[in-house]
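Peer 1: The amino acid sequence is not available; the structure is as follows:
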Ligand code: 5GP
């Protein structure tokens, strides 16, 4: 791991590198997917790029392969979890106002119950 990556290290980086445990449901050369430790619905999986992009703010064209893979894997997980037909939600929070807690970009795959309106209010 180079210095830049060390500075960007988070709990999700440790999960990607298998340094701490997680319920990993999928991984490949570009992304890792694992169950959220505090699920908000029957299916709640996080899909992260293996490279630690802090947030959507830092996304560049060099990340497009990983970002595209995140959608492919999210769709695959939704089918595997049996939530694809009824529908599900993909969420990417960014920054303080966006409610981002972990600064390693991640996509929430949430489903298995009616999720209601996209935003409260
Ligand atoms: P954010 O608010 O940043 O979009 O979402 C962070 C998510 O990461 C939350 O849903 C939270 O429950 C989840 N999370 C935080 N720490 C851990 C962890 O150590 N393991 C797993 N599997 N999920 C985590």
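Peer 2: Everything's here; your move. Source: prediction; values computed, not measured.
Peer 1: alpha carbons only for contacts and neighbour counts from here, please
Peer 2: OK.
Peer 1: Compute the distance between the nearest residue to residue 65 once chain neighbours are set aside and residue 115, please.
Peer 2: Among residues not flanking residue 65 along the chain, residue 30 sits closest, at 7.8 Å (CA to CA, 6 or more residues apart in numbering). Residue 30 sits 29 Å away from residue 115, going by CA to CA, to the nearest Å.
Peer 1: more neighbours, the two?
Peer 2: residue 30 (16 against 13; other CA atoms under 10 Å).
Peer 1: residues touching residue 107, list them.
Peer 2: For residue 107, the contacting residues are 46-48, 70, 90-93, by CA atoms under 8 Å, 6 or more residues apart in numbering.
Peer 1: if I've got this straight, residue 62 is in a helix?
Peer 2: Yes - counting by DSSP: H, G, I helix; E, B strand; the rest coil, residue 62 falls inside a helix.
Peer 1: What about it, how many residues nearby?
Peer 2: Residue 62 has 8 nearby residues by other CA under 10 Å.
Peer 1: Quick one: low-confidence residue ranges for this structure.
Peer 2: Filtered on pLDDT under 70, the chain yields the residue ranges 1-7, 121.
Peer 1: gap between the longest strand anywhere in the chain and the chain center?
Peer 2: Using DSSP state E to define each element, the chain has its longest strand at strand 43-49. Counting by CA atoms, centre = their mean, to the nearest Å, strand 43-49 is centred 4 Å from the centre of its parent chain.
Peer 1: Given it, what are its sheet partners and their directions?
Peer 2: strand 31-35 (antiparallel), strand 107-111 (antiparallel) (DSSP bridges).
Peer 1: How about residue 79, nearest residue that isn't a chain neighbour?
Peer 2: residue 85 (7.8 Å).
Peer 1: The one you found and the ligand, how far apart?
Peer 2: To the ligand, residue 85 is 23 Å away according to CA to the nearest ligand atom, to the nearest Å.
Peer 1: Quick one: neighbours of the nearest residue to residue 103 once chain neighbours are set aside, just the number.
Peer 2: Spatial nearest neighbour of residue 103, chain neighbours left out: residue 54 (4.6 Å); criterion: CA to CA, 6+ apart. By other CA under 10 Å, the residues close to residue 54 number 18.
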